[in-house]
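Undergrad: Fold the following, please.
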Amino acid sequence: MRLRFVALGGLFALLMFESLTAGVGGGFRSRFLGRYFPVAAGSMDMSTYTVSGRFQSRDGFQPFTKDVEAENEDLARERIYTQVGSQHNRKRTQIDIEEVSAA
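TA: Residues are numbered from 1 along each chain as shown. All right, here's what the predicted structure looks like:
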């Protein structure tokens, strides 16, 4: 597998080209497809999870309940950490997830 590094604003991005891996067996696709590259809709089993919990705010704790599509409960938790953290400018330690259930 040939890799190519390109400088983007002081950061290095690793670019892997699909055309370069055409001769490589299924190992590349099974390890990297879906993890680093987008996968076509419907190719993975996604379930809807309802996640409830609370996050720290100025006036104490604010409760929340969100519906998230994810492959499993752990990924639903991670998605909630990223969504709530970015929307409300909170760190993971300031978010308490109390329950994750399949909707």
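
Undergrad: which strands and helices sit next to the helix or strand where residue 54 lies?
TA: Residue 54 is part of strand 47-57, with elements assigned from DSSP states H and E. Using 3 or more C-beta pairs under 8 Å, 6 or more residues apart in numbering; DSSP states H and E, the elements in contact with strand 47-57 are strand 60-70, helix 73-88, strand 95-102. Just so you know, the C-beta spots here come from the backbone N, C-alpha and C atoms, and that holds for glycine as well.

Undergrad: Quick check: which of these is nearest to residue 48?
TA: Ranking these by proximity to residue 48 (C-beta to C-beta) places strand 60-70 first, at 5.5 Å.

Undergrad: Which neighbours in the sheet does that closest one have, and how are they oriented?
TA: strand 47-57 (antiparallel) (DSSP bridges).

Undergrad: so which of the helices and strands packed on strand 47-57 is the most packed in?
TA: helix 73-88 (a mean of 15; mean count of other C-beta atoms under 10 Å).

Undergrad: contacting residues for residue 48?
TA: 67, 68, 69, 102, 103 (C-beta atoms under 8 Å, 6 or more residues apart in numbering).

Undergrad: Sorry, slip of the keys, the one I care about is residue 72.
TA: So residue 72 contacts residue 47 (C-beta under 8 Å, 6+ apart).
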